[in-house]
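>>> Next come a sequence and a model predicted from it.
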Amino acid sequence: MKILLLGKNGQVGWELQRSLAVLGEVVALGTDSTDYCGDFTNLQGLADTVDQVRPDYIVNAAAYTAVDKAESEPELARLVNALAPEVLAKAAEKIGACFVHYSTDYVFDGGGEQPWVESDIQKPLNIYGQTKLEGEQLIAAACTQYLIFRTSWVYAARGANFAKTMLRLAKERDRLTVISDQFGAPTGAELLADSTSHAIRSIESNPKLSGIYHLAASGETTWYGYAKFVINQAQQAGAVLKVNVDAIDPVLTSAFPTPATRPYNSRLNTTKFKNAFNLELPNWQQGVARMLNEIL
């Protein structure tokens, strides 16, 4: 099996380099790659890369993820999140490859309290969500074999993440205020990568598994609950912080205005994924605790 991985230097892409290696040859590209084009602003270069590498699977871990900045850069966000994936999907179809892509809960409007299922009506609230939804639609129209994984609240030990920000602030300040009315499940890049590798092996023997799936850690919390868990775990590990869990105050989203509107409900129902690929998805605390053990 030959796999073309794009976005190798991102949080998910970095983990995918490890998880996909057991499946076969992996050609991993970033924007700075020189042997082949991994630049998502160069659409012809991407198409040429697929034609030259001729992989069995194309795994796209690249994306424009600056949610607020997308409001002022809609053309660039659309290029990276929609038009480039369409080019890759068309190139995949041309050579008979399967296209694997990551999307987001931001394709929904964040209403209600029930976890979103794949068939729910998509009504994104911001440019980022709109471009990710368009990417999904263009991929589905362009190729026969694809896996699209919608996920939420992604983190990794490598690079910046919410937990690291909370730990830094907890060393600098006497109190923290954290949003308490947005709900979701922190999902590790490692979990996404390992689940992707398993899903590829499954679709290899059963092409009917092609489609859109929700993939996230089990359970739910708020950013406030997430912060309390991080601080508590850090203190138990011996970290010296000025803030303890009693000095973290809940606050509404409206207290932190942002250019892009955020969804309140980022819960994802993962039943379809678990049934299709015969996997259990661990509770979000398990992955976050493991990540904290690595960075503390």
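Received, thanks.

>>> In this structure residue 76 contacts residue 64, no?
Yes. Using C-beta atoms under 8 Å, residue 76 is in contact with residue 64, at 6.4 Å. (C-beta placed from N, C-alpha, C; glycine too.)

>>> Comparing these two, which residue is more hemmed in?
Legend: neighbour count by other C-beta atoms under 10 Å for residue 76 and residue 64, higher for residue 64 (21 against 16).

>>> The more buried one: what's it in contact with?
Listed by C-beta atoms under 8 Å, 6 or more residues apart in numbering, the contact partners of residue 64 are 70, 73, 76-77, 79-81, 128, 131.

>>> now do residue 22
Applying C-beta under 8 Å, 6+ apart to residue 22 gives the contacts residue 197.

>>> and the gap between it and residue 13?
Separation of residue 22 from residue 13 (C-beta to C-beta, to the nearest Å): 16 Å.

>>> With residue 149 instead?
Counting by C-beta to C-beta, the gap from residue 149 to residue 13 is 14 Å.

>>> Name the residue in the two with the higher neighbour count.
The residue with more neighbours, out of residue 149 and residue 13 and counting by other C-beta under 10 Å, is residue 13; that gives 25 against 20.

>>> so how far is residue 172 from residue 244?
Residue 244 sits 14 Å away from residue 172, going by C-beta to C-beta.

>>> Likewise for residue 219?
Distance, residue 219 to residue 172, by C-beta to C-beta: 29 Å.

>>> circling back: can you tell me which of the contacts of residue 64 has the most neighbours?
When neighbours are counted by other C-beta under 10 Å, residue 81 leads those with 29 neighbours.

>>> Doesn't that one lie inside a strand?
No. Read with DSSP: H, G, I helix; E, B strand; the rest coil, residue 81 is helix and lies in no strand.

>>> Please name the residues that touch it.
Contacts for residue 81 (C-beta under 8 Å, 6+ apart) come out as 63-64, 128, 131-132, 134-135.

>>> returning to what we had before: between residue 219 and residue 172, which is the more surrounded one?
Using other C-beta under 10 Å as the criterion, residue 219 and residue 172 rank with residue 219 on top: 15 against 10.

>>> any idea how far the closest residue to residue 36 other than its chain neighbours lies from residue 247?
Of all residues not flanking residue 36 in the chain, residue 49 sits nearest, at 4.3 Å (C-beta to C-beta, 6 or more residues apart in numbering). Using C-beta to C-beta, residue 49 is found at 51 Å from residue 247.

>>> Between the two, point out the one with more neighbours.
residue 49 (25 against 14).

>>> Report the secondary structure state of the more buried one.
helix.

>>> show me the contacts for it.
4, 29, 36-38.

>>> nearest to residue 87, of these?
Residue 87 lies nearest to residue 37 out of the contacts of residue 49, by C-beta to C-beta, at 10.9 Å.

>>> what's the helix or strand for the nearest residue to that closest one once chain neighbours are set aside?
Closest residue in space to residue 37, ignoring its immediate chain neighbours: residue 45 at 3.1 Å, by C-beta to C-beta, 6+ apart. Taking DSSP states H and E as the criterion, residue 45 maps to helix 43-53.

>>> quick one: average confidence on that helix?
Confidence for helix 43-53, expressed as mean pLDDT, is 96.

>>> for it, the distance to its chain's centre please.
Counting by C-alpha atoms, centre = their mean, to the nearest Å, helix 43-53 is centred 24 Å from the centre of its parent chain.

>>> With only the CA atoms kept, save that helix in CSV.
Presented in CSV, the C-alpha positions along helix 43-53 are these (Å, rounded to 0.1, in the frame of the first residue of the first chain):
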residue,chain,number,x,y,z
LEU,A,43,-3.7,23.6,-7.1
GLN,A,44,-2.0,22.4,-10.2
GLY,A,45,1.1,21.4,-8.2
LEU,A,46,-1.2,19.2,-5.9
ALA,A,47,-2.8,17.5,-8.9
ASP,A,48,0.7,16.9,-10.4
THR,A,49,1.9,15.4,-7.1
VAL,A,50,-0.9,12.8,-7.0
ASP,A,51,-0.2,11.9,-10.7
GLN,A,52,3.5,11.5,-10.0
VAL,A,53,3.2,9.6,-6.6
